[in-house]
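S.K.: let me see the structure of the following:
(4 chains)
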Amino acid sequence: MTPNQTDRLATRFIQFLVLIVVLILLFLLGDIIISGLPHISWHFLTSPASSFSAGGGIRDQLFNSLYLLVLTLIISFPLALGSAIYLSEYAGDNWFTSLIRTAIEVLSSLPSVVVGLFGYLLFVIEFHLGFSILSGAIALTFFNLPLLIRSIEGSLHAVPNSQREAGIALGLSNWRTIRGILLPMALPGILTGIILSAGRIFGEAAALIYTAGQSAPILDYTNWNPTASSSFLNPMRPAETLAVHIWKVNTEGVTPDAVSISAGSSAVLIIIILLFNFGARAIGNRMYKKMTGGK
Amino acid sequence: MQAYDLNKNHIVTPPGEIALSTNQLQVNYGNSKQASMVNASLSFPRFQITALIGASGSGKSTYLRSLNRMNDRIATVHGEIMYHNTNINSPKVNVYEVRKHIGMVFQKPNPFAKSITENITFALKAAGITNRQELRQRVETSLKEAALWDEVKDDLNKSALALSGGQQQRLCIARSIAMKPDILLLDEPASALDPISTAKLEVTLKELAKNYTIIIVTHNMQQASRVSSYTAFFHLGHVIEYDQTETIFQTPTIQATHDYVTGNFG
Amino acid sequence: MLMHKKTLISTLVAFSLAGLLLGGCSSNSSSKKSSDSSDTKAAKVTKITAVGSTALQPLVEQAAQDYQATNKNVNLTVQGGGSGTGLSQVQQGAVQIGNSDIFAEQSSGIKAKQLVDHKVAVVGMTPVVNPKTGVKNVSMAQLRDIFTGKITNWQQVGGKDQKISVINRAQGSGTRATFESAVLEGKKAVTSQEQDSNGTVQKLVSTTPGAISYLAFSYVNDKVNALSINNVKPTDANVTDNKWTIWSYEHMYTKGQPNKATQGFLKYMNSGKVQGSLVNKLGYISIHDMKVTKNAKNVVAK
Amino acid sequence: MDDIQKKLASPSKASHEDIVGRIISYSCIAAIIILVISILYFITSRGLATFLTDHVNLWQFLTGKDWNPGSLNAQGKPQVGALPMIVTSFSVTILSALVATPFAIAVALFMTDIAPKSGTKFLQPVIELLVGIPSVVYGFIGLTVVVPVIRNLFGGTGAGILAGTIVLFVMVLPTITSLAVDALRAVPAYFRSASLALGATRFQTIYKVLLRAAMPRLLTAVIFGMARAFGEALAVQMVIGNAVLMPRNLITPTSTLTSQLTTNIGNTIMGTLPNNALWSLALILLLMSLVFNLLVRYIGKRGEIKS
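M.R.: All right, here's what the predicted structure looks like:
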């Protein structure tokens, strides 16, 4: 075989493997969406879940998922941002930094159920936060932090060093340089990172069963007082998210239409994650274009 | 490469007012024991252009970057850098003030991903200048001084990244001089530019020398001889010779300098 | 357009700083807040948390919802987590009610004397097999031999020539404890597949050839075959007089005597409203219908 | 003393800003360190209780084959042999990484060298979507699609290491791929151009130059993938069968550390041996994830591309 033939063969082989990966994804998406789409209706999205009769919806679960996502980001984003800035701009190349990095990585590979129980014993019980969205958000912060830190640090790293030098050569403080020059340039990357990590939060179940809980009390969407126990804005109320709902319906669901609820919920979940992904890409591209003056 | 005696040198002290001087400057990168720059003692005359020349790795850029403490995080610098009777190489000195007074322009143009105006006003605002009138005034003056005003005056709100390389570099110069520094350090500012942009830049530099002390690193000997009044020749981390530019290029004292400026080198 | 970006950045920074504060003091302030609110509202709203058995959860959850509709002064939270979690948490006093599928006495590490038992429903369990095995009835001894691994082929109990694949429930789960105490007579079950939920077991048995497992009555559907034992059919009626012996109580434990609010809810759980309709709707057997009782040592009395 | 001299000697707005910046970023990292330490302490203290309070022999724990923490064996010792789960966890982890790596590298090469523009545009979302699918959903697809297919092909129940491997393969694929892309992108462009200029074909360049130059970082990518596989719980639990038996082949039900942990943690009483033993499993998971990370660091240090 000549080198050229080998080359062609190898390229074909690589293309073949890529094709398989794409097919796997298409199969997964197809399977989830095709089996779920028929069950999605306006009624399904806007009515509360039912614990034993057919015809329940996922209104509260859907809202809970989104609310939990927002709360988690409010807690984890600033922490991740500060830490990523530390790691990429302040940390020296020494054993301490490498210890911190290892610790963060270990955090990301902990099994969710362990984090869930930790959150349960510490936040739910010890700190008296109870089964609540807040407890869930703190537990999810554990997963989200490593992802966010990694993506923010990566985006900061991708900003050319010449930009840092330009900033400090003008007599700007490091902090001002980071805030005013590096962060804006890293923003598209950071946003993409946030949105992608949002997908993970959205899909997490095991850690939430013990922290945010798995029951969804009836919510009052007209009560805007976040301290009222029935208010949809109350962060101290227990909340079942969409992913937990899928898990519950599949494992212990007694409703006659458990299968279709599960399929419909999975499809909704995937569609939202799809939207997140496309959103991330669109926003990232737009910001990049704006910054480089359309070039 | 011929081995030269690196300890043999010829260094003059220019007459007249000295803007900046270094005494026994030594630079070590990271944890490296091998110094990238040893015992550099030079004095730079006020309102003149001084060129630092030498082959790649001779330490000229390292030296230049030490002058406004840009090497702080990546290298250890020993020795004195005297500016306004202060050793600015001391950790007690406010490094941000140092850099305000000793500005720097880099090899590759590095404008911020902001509009042309914002590129200039960003650091001014950070320094506490908030008066719109004054900001506008400074933008205009500095762009004029950097000979960029005529080309961009209608596009001040456009992204700086849309400018050409030469324009970007002049914007970077404008950005530096808008801070009203004393001294301007330029690290091979023309190396990424085409000949026409380079020529324009050189004219600009000569204009600027009326108001600023300029120290420029270049590997282009013609450029050094065209723009500078003093020239220092660096070799393997040592300053070999420092004298008036004419002397360096026509009657150097040291053999190594002679070989380098005549092209019989390496 | 650059201004626009700038506002975005500053919002981002502001957002992050606000969050930093929130994140930094969340543990303090929010715990304070929650205790504050419970203090100020103590006169009005009492918080009750019930944790534990996932099998009991749907019933308590639904009952709690109905109860709260009329009793605005109670704030009920019902969560799963498993019987073990329920018992340990109620014992520690972390929650007011611990839901459990098993007697506290049967659980090692639990000081049962501290806990007060409130039985709220009965669950019947039945062995289920894949429909293609062709088996409808087994004797108790055969069932025991299947689960201890002595019988390994359906032919041995009158079915097809097919290997038996046993799917057990998670060790320590209430369902398994009930099944083993009623069927195995202290013998050890063969190590086999374990699944921890009714839903998964139902799916697996319906699709795996030769599979056998056991389910609560309410999870039996037409995709799996419920077995009769010694020709007794697994029906609610047979459970009430102990003809069908694989059943257990659903317990709601409190630590010592419950406080007033909790007492009120437990009373509601035992009332006709719950026992008369809700319990049956969710597939449990009402505690009122039972003609026999069982104690923690599995002794049945009339 | 002139004006400039004074300015040089005294702190300015910029120095204050920098102090503020340091305080903010240092306190963030401190908060994270506290989080990590608290969870590490929590798992370690509970995980060690099996050995310290219940006096289980560590060696027996690691090499015993009988897992039945609720009951005692003939000698009156609790049966806490975690070996079958350890073996299974490693098997699914290594197998899934082995299967996923060629695919991941192929996709990465496609994105960096074969069709950089369209490949990235098209495959990047594919990879990110695979990350986005929740593990619950992976688990149910595994249970309803993968397990029946294996059952029909090979007989048995279908649950086992093979099913676990297939599910994990899809789950670690995006992790390995995105890191492999980074690895290949980090190889300087002149490596490629130099090789191509010497007349090498694209495949020769990829095989002899690219993959070799990127090898340390590719290894890192694979190890990160393995770390992900090792810690995955919900999806594996649904397809592995959860029987604590030494795996004899790829299609008999067995159990991983995570699946055992997830299945039983809710059913055990806190503070008792069965519960402590599960925390010991969590401790093993933690230590393994530490080992994976140290491995990555070690490889990374040795294989930095010198440029």
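
S.K.: and chain D, what are its domains?
M.R.: D:1-53, D:80-306 (automatic domain parsing).

S.K.: next up, the contacts around the residue in the stretch 51-200 of chain C that chain B sits nearest to.
M.R.: When distances are taken as C-beta to the nearest C-beta, the stretch 51-200 of chain C reaches nearest to chain B at C:Gln79, 49.4 Å away. Yep, even glycine has a C-beta here, placed from its N, CA and C like the rest. Each residue near C:Gln79 by C-beta atoms under 8 Å, 6 or more residues apart in numbering or on different chains is listed here: A:131, A:213-215, A:238, C:49-52, C:57.

S.K.: measure it to chain D for me?
M.R.: Applying C-beta to the nearest C-beta, to the nearest Å, the value for C:Gln79 to chain D is 11 Å.

S.K.: ramachandran angles for that residue?
M.R.: With angles defined as degrees, to the nearest 10, C:Gln79 sits at phi -130, psi 160.

S.K.: out of the domains of chain D, the one nearest C:Gly93 is which?
M.R.: domain D:80-306 (12.9 Å; C-beta to C-beta).

S.K.: what about the closest one, near chain B?
M.R.: No. Applying C-beta under 8 Å from any C-beta of the partner chain, one finds domain D:80-306 separated from chain B by no less than 13.8 Å.

S.K.: distance of the residue of the stretch 51-200 of chain C closest to chain B relative to C:Tyr67?
M.R.: Relative to C:Tyr67, C:Gln79 is positioned 16 Å away (C-beta to C-beta, to the nearest Å).

S.K.: repeat that for B:Gly166.
M.R.: Computed as C-beta to C-beta, the B:Gly166 to C:Tyr67 distance reads 79 Å.

S.K.: could you confirm whether stretch D:281-293 reaches chain A?
M.R.: Yes. Using C-beta under 8 Å from any C-beta, stretch D:281-293 comes into contact with chain A via D:282, D:285-286, D:289-290, D:292-293.

S.K.: count of residues packed around the residue of the stretch 51-200 of chain D found nearest chain A?
M.R.: Using C-beta to the nearest C-beta, the closest approach of the stretch 51-200 of chain D to chain A is made by D:Pro134 at 2.7 Å. A total of 24 residues lie near D:Pro134 under the criterion other C-beta atoms under 10 Å in any protein chain shown.

S.K.: go on, C:Asp222?
M.R.: C:Asp222 has 7 neighbouring residues, counting by other C-beta under 10 Å.

S.K.: tell me the secondary structure at it.
M.R.: coil (DSSP: H, G, I helix; E, B strand; the rest coil).

S.K.: can you pull out the helices in the stretch 1-150 of chain A?
M.R.: Taking DSSP state H, counting those that start in this stretch, the helices of the stretch 1-150 of chain A run over residues A:3-36, A:42-46, A:59-85, A:95-108, A:112-119, A:133-158.

S.K.: mind pulling the model confidence for B:Arg175?
M.R.: Looking at B:Arg175, its pLDDT reads 93.

S.K.: quick one: contacts for it?
M.R.: A:166, A:170, B:111, B:119-120, B:123, B:142.

S.K.: return the closest of those with respect to chain C.
M.R.: B:Asn119 (11.1 Å).

S.K.: for the stretch 51-200 of chain B, what lies in contact range of chain D?
M.R.: So the stretch 51-200 of chain B meets chain D at B:83-86, B:88, B:92-94, B:96-98, B:101, B:126-128, B:182 (C-beta under 8 Å from any C-beta).

S.K.: recalculate using a threshold of 10 Å.
M.R.: B:83-88, B:90, B:92-101, B:126-128, B:182 (C-beta under 10 Å from any C-beta of the partner chain).

S.K.: cool, the stretch 151-300 of chain C as well?
M.R.: C:163, C:165-177, C:188-197, C:200, C:203-204, C:207-211.

S.K.: from those residues, which land in strands?
M.R.: C:165-169, C:193-195, C:211 (DSSP state E).

S.K.: looking at the residues you listed, which is nearest chain A?
M.R.: C:Gln195 (8.9 Å).

S.K.: quick one: the residue lying closest to that closest one once chain neighbours are set aside and D:Arg46, what's the gap?
M.R.: Leaving aside its chain neighbours, C:Gln195 sits nearest to C:Val201 (4.9 Å; criterion: C-beta to C-beta, 6 or more residues apart in numbering or on different chains). Remark: distance between C:Val201 and D:Arg46 (C-beta to C-beta) = 29 Å.

S.K.: ok, the two, which is more surrounded?
M.R.: C:Val201 (26 against 22).

S.K.: from D:Met238, how far off is the closest residue to chain C within chain A?
M.R.: Ranked by C-beta to the nearest C-beta, the top residue of chain A for proximity to chain C is A:Thr251, at 3.4 Å. Distance of A:Thr251 to D:Met238, given as C-beta to C-beta: 9 Å.

S.K.: between the two, what contacts are shared?
M.R.: C:195, C:197, C:200, C:203, D:136 (C-beta atoms under 10 Å, 6 or more residues apart in numbering or on different chains).

S.K.: now those in CSV, with neighbour count?
M.R.: Shown next, in CSV, are the shared contacts of A:Thr251 and D:Met238 (neighbours: other C-beta atoms under 10 Å in any protein chain shown):
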residue, neighbour count
C:Gln195, 26
C:Ser197, 23
C:Thr200, 21
C:Lys203, 22
D:Val136, 27
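
S.K.: most centrally placed residue in the chain?
M.R.: Chain wasn't specified; assuming chain A. Residue closest to the average C-alpha location in chain A (C-alpha atoms, centre = their mean): A:Ala198, at 2.1 Å.

S.K.: try again with chain C
M.R.: Looking at chain C with C-alpha atoms, centre = their mean, the centroid-closest residue comes out as C:Ala55, 2.4 Å off.

S.K.: now, the most widely separated pair of the ones in strands among the residues of the stretch 151-300 of chain C next to chain D?
M.R.: Using C-beta to C-beta for every pair in those, the one that comes out farthest apart is C:Ser165 and C:Arg169, at 14.7 Å.

S.K.: pull the contacting residues for A:Leu19.
M.R.: D:106, D:110.

S.K.: actually, A:Asn174.
M.R.: A:85, A:89-90, A:164, A:167-168, A:182, B:73, B:96, D:14, D:17-18, D:21-22, D:25.

S.K.: which residues of chain B fall in helices?
M.R.: For chain B, the helices defined by DSSP state H occupy B:60-67, B:95-101, B:116-126, B:132-145, B:149-152, B:165-177, B:195-208, B:221-227, B:245-250, B:255-262.
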